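Novice: how would this look folded up:
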Amino acid sequence: MIEKYSFGQMVVNGKRYTSDLKIIKGQVVPNWYRKKGHLVFLEDIEDIIQARPRILIIGKGKPGLLRVDDSLKKFLEKQGISLIEQSTARAVETFNKLYPGKEPVAAGFHLTC
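Specialist: This next block holds a predicted model:
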């Protein structure tokens, strides 16, 4: 599904994106902006939560500056959603490996820092 990632861009199903994005139920949601830039809160992923994935992958950027707020981590755990946080390059590999599997997977990718 994700064909290529390099700093600042990602190619998904033949289309190039140059801003952060989410993938929910196989659909790209471009221009993912967060309440506080490098910190992910529940409000930033409400559409993902509504889709009820079993796994949420967060691509933290090339050097990994994006973080998931502790309160969101606790919420995801209570909802039974497994959280995987990795550099975006590794998160792309993980997403491509898990996406065609039995468990519903969603993701949010920070494309730069």
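Novice: which stretches in this structure count as helices?
Specialist: 46-50, 70-79, 88-98 (DSSP state H).
Novice: reformat those helices as CSV; add mean neighbour count.
Specialist: For every residue, glycine as well, the C-beta is placed using N, CA and C. Below are the helices of the chain laid out as CSV (neighbours: other CB atoms under 10 Å):
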stretch, mean neighbour count
helix 46-50, 14
helix 70-79, 13
helix 88-98, 18
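Novice: who wins for proximity to residue 23 among the ones you listed?
Specialist: Of all the helices of the chain, helix 88-98 sits nearest to residue 23, with 7.1 Å by CB to CB.
Novice: out of the helices of the chain, which gets nearest to residue 36?
Specialist: helix 70-79 (11.7 Å).
Novice: for that closest one, which outside residues touch it?
Specialist: 40-42, 45, 49, 56, 82-83 (CB atoms under 8 Å, 6 or more residues apart in numbering).
Novice: tell me which residues touch residue 104, please.
Specialist: Residue 104 makes contact with 25, 51-55, according to CB under 8 Å, 6+ apart.
Novice: just to revisit the earlier point, ok, which pair from the contacts of helix 70-79 is furthest apart?
Specialist: Maximum pairwise distance in these, criterion CB to CB, is 18.6 Å, between 41 and 82.
Novice: quick check, residue 39 in contact with residue 67.
Specialist: Yes. Between residue 39 and residue 67 there is a contact at 5.5 Å, judged by CB atoms under 8 Å.
Novice: more neighbours: the two, which one.
Specialist: Between residue 39 and residue 67, residue 67 has the larger neighbour count (other CB atoms under 10 Å), namely 17 against 14.
Novice: how close does the more buried one get to residue 100?
Specialist: Residue 67 sits at a distance of 28 Å from residue 100 (criterion: CB to CB, to the nearest Å).
Novice: what sits closest to residue 14 if chain neighbours are left out?
Specialist: Leaving out its chain neighbours, the residue that sits closest to residue 14 by CB to CB, 6 or more residues apart in numbering is residue 3, at 7.1 Å.
Novice: correct me if wrong: that neighbour contacts residue 17.
Specialist: No. Checked against CB under 8 Å, the pair residue 3 and residue 17 is beyond contact range at 11.1 Å.
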